[in-house]
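Q: Below are the sequence and a predicted model; questions follow.
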Amino acid sequence: MEIPAQDLAEFEEKALTEIVKETEIDGFRKGAAPKEMVKSKVGAQKILDRAATLAIEDSFPKTVEESKLEPLGYPQISLLKLASGNPLEYKATVAVYPQAKLPDYRGIAAGFEFKAPEVTEDDIKRLKMEKERHAREHWRRDLLEKLAQKTEIEVPEILAAGETRKAMDDFKKRLPRATGMNFAAYLKKIGKTESQVEEDVAKDSEARIKNFLILQEIAKAEKIAVGEEEIAAAMAKIRGGDGETLPNAEDDAQTKNYLRQELQTEKVFQLLETSFKK
């Protein structure tokens, strides 16, 4: 491509104006020095190089549009001729989107059978149950948040510290599996210190403890208890009904305690849901 000498001269003037704004010369504010003084300081070649860049940036898109090309990525520019007072010649090499030779796509589509999926009553029932589950989770979360705002309770510092430490340890163990990076790399990526992350974890831990204590207090107030038969049934369910104890008696006890809390929490929420329906 060729840019006429007259057009190049206009871009040289634009380039000089830009360079003047960037140049600092003693005795003048930045950008306020006379053009001839700036030209003398930076040299004619720098101005010409900037002019060539401006000219090509202006010329190339127009040429692409006129040629009805669809460039893929940026062009490789080669200057063939650059001298003040002469036309600018350059070569641009660019990849273009390949053109596909299409088959009879309408005919193929017409003969390609579309089978609508069969929607059964079970599918509808499962979808309804899933939507209800999501709605219940949101309702319970919002309810706990409201209860926490209205409840006067002080979370014991030793309990909060222990929960935070456990949560941090769990987070550090899970992080490599979840993200493929260690804790140090994770901190660098998010731009936080370990103390800042621990502070965030502490807030979440305190909120979880507060929610737990609120649910416990409601269970006491409403005399909600979980029987051994209920725990045994839940244990049998997670074992597949074989009735065997866990390999480690301590693990077995921890599982029972966990199930007791889960069953009690579920009963509390069921009571609160019933209260709302009244």
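A: Received, thanks.
Q: what's the closest non-adjacent residue to residue 22?
A: Taking CB to CB, 6 or more residues apart in numbering as the measure, residue 22 lies nearest to residue 31, with 7.4 Å between them; neighbours along the chain are not counted. C-betas here are computed from N, CA, C, even on glycine.
Q: Wasn't residue 10 part of a helix?
A: Yes: assessed with DSSP: H, G, I helix; E, B strand; the rest coil, residue 10 lies in a helix.
Q: How many residues are close by it?
A: Residue 10 sits with 15 neighbouring residues when counted by other CB atoms under 10 Å.
Q: Which pLDDT value goes with it?
A: Taken from the predicted model, the pLDDT recorded for residue 10 is 95.
Q: thinking again about what came up before, ok now do the residue nearest to residue 22, which residues does it touch?
A: 20-23 (CB atoms under 8 Å, 6 or more residues apart in numbering).
Q: who's in contact with residue 63?
A: 1, 92.
Q: Low-confidence bits of the stretch 1-150 of the chain, can you list those?
A: For the stretch 1-150 of the chain, no stretch is flagged by pLDDT under 70.
Q: For it, just list every one of the strands.
A: According to DSSP state E, counting those that start in this stretch, the stretch 1-150 of the chain carries its strands in the segments 2-3, 71-81, 88-96.
Q: any chance of those strands in JSON lines, plus distance to residue 41?
A: Compiled in JSON lines, the strands of the stretch 1-150 of the chain are given as follows (distance: least, CB to CB, whole Å):
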{"stretch": "strand 2-3", "distance to residue 41": "26"}
{"stretch": "strand 71-81", "distance to residue 41": "24"}
{"stretch": "strand 88-96", "distance to residue 41": "24"}
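Q: Looking at the ones you listed, which one is packed in the most?
A: Ranked by average neighbour count under the criterion mean count of other CB atoms under 10 Å, those are headed by strand 2-3 at a mean of 17.
Q: before we move on, the earlier item: please identify which of the strands of the stretch 1-150 of the chain is closest to residue 233.
A: When the strands of the stretch 1-150 of the chain are compared by CB to CB, strand 71-81 sits nearest residue 233, at 63.9 Å.
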